[in-house]
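Peer 1: Fold the following.
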Amino acid sequence: MELELRHLKIIRAIADAGSLTRAATALGLAQSALSGQLKRIERSLGGPLFDRDRGGARPTPLGELVLDRARVLLPAIHELQDDAVRFANAWEGIPRFRLGGTHGPLLGGLVDRIAAVHPSAPLSTYTAWSVAEISDLVTEGRLDYALVGCCGDSPPPATERLTWRTVGRDPVFVMLPEGHRLAGERELSLRELGGESWACVPGDGCFGDCFSAACARAGFTPQTVYETDTASLVHLVEVGRAIGLCRATFAPAPGIVTVPLRGTPLRWRHLLGWHPGSPAAGTAPAVLLHARQAHDEAAHRNPRYAEWLAREAQPGRAEAHG
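Peer 2: Down below sits the predicted model:
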């Protein structure tokens with residue numbers, strides 16, 4: 001019998017689990033079937049790979065040798081598969097732009113700018129709530145760029161595989177219906193909103209935890225939080241059922257105003273990511289420039305944000321935009 005990759009995966013699974021019973025469960029095999037496969041592998045390699053007793057399974061010196069090689073070979077094969085997928089999905093000779101993004105105002109602006117400059121280039125988009133999902137698609141070569149966001153200074157996913165650059169940094173504003181008693185305020189503290197119901201969109205970053213921590217510092221715990229899509233969030237705010245949080249680049253819908261939070265307790269960082277070994281890396285500087293221009297345009301479409309930026313630019317006040 002010739003040794004195959006699946007045999008190395010079995011050996012590693014047994015070593016990681018510490019017993020054949022747990023390894024069989026992890027691999028979805030019957031223990032008897034796994035035991036039979038292990039015996040055939042051991043015959044092929046010339047000796048026992050594990051000492052087995054009631055306490056579990058521990059690698060023999062021969063088993064340690066095989067495991068050392070397996071721990072090098074298996075990640076290398078996985079990397080080869082990723083590289084092959086990226087190569088197969090690479091464009092040939094002409095620019096192509098496959099953009100992935102979380103829901104927000106910048107993706108449309110980036111599409112518009114790229115389409116204007118490259119009218120004949122294939123251009124497609126993919127959106128998801130999950131930053132990790134979009135990052136994985138870029139890593140696999142199924143998307144060229146990720147336009148996502150992170151809370152504050154928290155790191156984006158896959159930093160060891162993808163190159164990330166900051167597009168812009170925004171304060172987080174609160175969304176209120178026009179008839180709300182506080183809608184005309186220049187800025188609000190979170191403490192003033194302690195009795196409100198809230199609406200938010202889902203995500204897999206730390207924003208929810210950061211929001212809860214900011215509320216705790218303000219002396220309250222949000223009693224009602226509706227997790228919903230962007231359109232439903234806007235509707236809940238418009239009819240006065242809840243208030244919401246938004247990036248300052250959000251252009252308010254009719255019937256809604258956005259108000260800065262005093263002290264800027266929450267911030268949002270827009271990021272563009274790509275794989276450094278993909279063809280997308282060659283056009284990344286231009287795409288990054290387009291994304292930053294789209295961010296600037298979005299920032300000035302919200303009059304409240306434009307006013308906030310003007311105040312922050314005054315001497316003695318730190319500027320958060322950029």
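Peer 1: rest of the way, CA atoms for contacts and neighbours
Peer 2: Noted.
Peer 1: Quick one: name whatever helix or strand follows the helix or strand where Ile77 lies.
Peer 2: Here Ile77 is covered by helix 61-88, with elements defined by DSSP states H and E. Sequence order places strand 97-101 as the next helix or strand after helix 61-88, per DSSP H and E.
Peer 1: sorry, back to before: just give me how far the helix holding Ile77 sits from the chain centre.
Peer 2: Helix 61-88 sits 26 Å away from the centroid of its parent chain (C-alpha atoms, centre = their mean, to the nearest Å).
Peer 1: For Glu140, give its distance to Cys206.
Peer 2: 24 Å (C-alpha to C-alpha, to the nearest Å).
Peer 1: quick one: which of these two has more around it?
Peer 2: Taking other C-alpha atoms under 10 Å, Glu140 and Cys206 do not tie; Glu140 has more neighbours (20 against 12).
Peer 1: tell me the phi and psi of that one?
Peer 2: Backbone geometry at Glu140, expressed as degrees, to the nearest 10, gives phi -80, psi -10.
Peer 1: was I right about it contacting Asp82?
Peer 2: Yes: the criterion here is C-alpha atoms under 8 Å, and Glu140 meets it with Asp82 at 5.6 Å.
Peer 1: which residues does Thr127 contact?
Peer 2: Residues near Thr127 by C-alpha atoms under 8 Å, 6 or more residues apart in numbering: 100-103, 134.
Peer 1: Mind listing the residues bridging to it?
Peer 2: Judged by DSSP bridges, the bridge partners of Thr127 are Gly101.
Peer 1: That one and Ala76, how far apart?
Peer 2: Distance from Thr127 to Ala76, by C-alpha to C-alpha: 31 Å.
Peer 1: all strands of the stretch 151-300 of the chain, in order?
Peer 2: With DSSP state E, counting those that start in this stretch as the criterion, the stretch 151-300 of the chain has strands at 163-177, 198-200, 225-227, 243-247, 256-260, 267-274.
Peer 1: and the last one, C-alpha only, in CSV?
Peer 2: As requested, C-alpha coordinates have been extracted for strand 267-274 and formatted as CSV (Å, rounded to 0.1, in the frame of the first residue of the first chain):
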residue,chain,number,x,y,z
ARG,A,267,-15.5,54.6,15.7
TRP,A,268,-15.4,52.7,12.4
ARG,A,269,-12.5,52.0,10.1
HIS,A,270,-13.1,51.3,6.4
LEU,A,271,-10.6,48.9,4.9
LEU,A,272,-9.6,47.6,1.5
GLY,A,273,-8.0,44.2,1.3
TRP,A,274,-6.4,42.0,-1.4
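Peer 1: average pLDDT across it?
Peer 2: Strand 267-274 shows a mean pLDDT of 95.
Peer 1: Which positions in it come out as buried?
Peer 2: Within strand 267-274, the residues scored as buried using 16 or more other C-alpha atoms under 10 Å are 267-274.
Peer 1: Could you list the low-confidence segments of the chain?
Peer 2: 83-94, 313-322 (pLDDT under 70).
Peer 1: quick check: domain ranges of it?
Peer 2: Residue ranges for the domains of the chain, per automatic domain parsing: 5-88, 97-312.
Peer 1: How far away from the center of its chain is the shortest one?
Peer 2: Spelled out, that is domain 5-88. From the chain centre to the centre of domain 5-88 is a distance of 32 Å (C-alpha atoms, centre = their mean).
Peer 1: Do a quick rundown of the helices in this protein.
Peer 2: Secondary structure of the chain (DSSP state H): helices located at 5-17, 20-27, 31-45, 61-88, 106-117, 131-139, 207-218, 230-238, 280-301, 303-312.
Peer 1: Could I get the buried residue list for the shortest one?
Peer 2: Of all the residues in helix 20-27, those buried under the rule 16+ other C-alpha under 10 Å are 20-24.
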